[in-house]
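Asker: sequence isn't available, so here's the structure alone:
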């Protein structure tokens, strides 16, 4: 479970977000006793505060290096599509994604099979490979 602060969540609400077991495995190498998983800003005016923009820039750079194109909101959109397929619950996914059930029904339902969603949520990092800290990769 992760807490999204009010000033960083959608609709300016504090939210609790569940973390899928495979996501936890991907994030573990970046964990700290407390705080954020976001990369720190290099901009002088932000005084090395956590930065969604810098984190997104680093993810896009990694994707570009790997030859992958990431459309805007790809993480959110894929999560919603795969989550509703896996759990077969529009209401659950709406609550989890802070979206309306009507929007999920309209835009995300029945585009992914339950089997494909199961494989998606089972993607795990290769434990034999070294993890490069995002700060070192920048």
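Answerer: Nice, thanks for sending it over. Keep in mind that what you see is a predicted model, and the values were worked out from it rather than measured.
Asker: flag the shaky bits of this protein, pLDDT-wise.
Answerer: Scanning the chain for pLDDT under 70 picks out 4-12, 128-138.
Asker: show me where it has its strands.
Answerer: Per DSSP state E, the chain carries strands over the ranges 2-4, 15-17.
Asker: separation between residue 60 and residue 74?
Answerer: Distance, residue 60 to residue 74, using Cβ to Cβ, to the nearest Å: 10 Å. In short, each C-beta sits where N, CA and C put it, glycine included.
Asker: reformat the strands of the chain as JSON lines; add distance to residue 83.
Answerer: Output for the strands of the chain, formatted as JSON lines (distance: least, Cβ to Cβ, whole Å):
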{"stretch": "strand 2-4", "distance to residue 83": "15"}
{"stretch": "strand 15-17", "distance to residue 83": "12"}
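Asker: save the ones you listed as TSV, and put in mean neighbour count and distance to residue 113 too.
Answerer: Formatted as TSV, those follow (neighbours: other Cβ atoms under 10 Å; distance: least, Cβ to Cβ, whole Å):
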stretch	mean neighbour count	distance to residue 113
strand 2-4	13	28
strand 15-17	13	25
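Asker: looking at these, which is nearest to residue 79?
Answerer: Among the strands of the chain, the nearest to residue 79 by Cβ to Cβ is strand 15-17 (10.1 Å).
Asker: parallel or antiparallel, which strands does the closest one pair with?
Answerer: strand 2-4 (antiparallel) (DSSP bridges).
Asker: thinking again about what came up before, nearest to residue 53, of the strands of the chain?
Answerer: Across the strands of the chain, residue 53 has its closest neighbour in strand 2-4 (16.5 Å, Cβ to Cβ).
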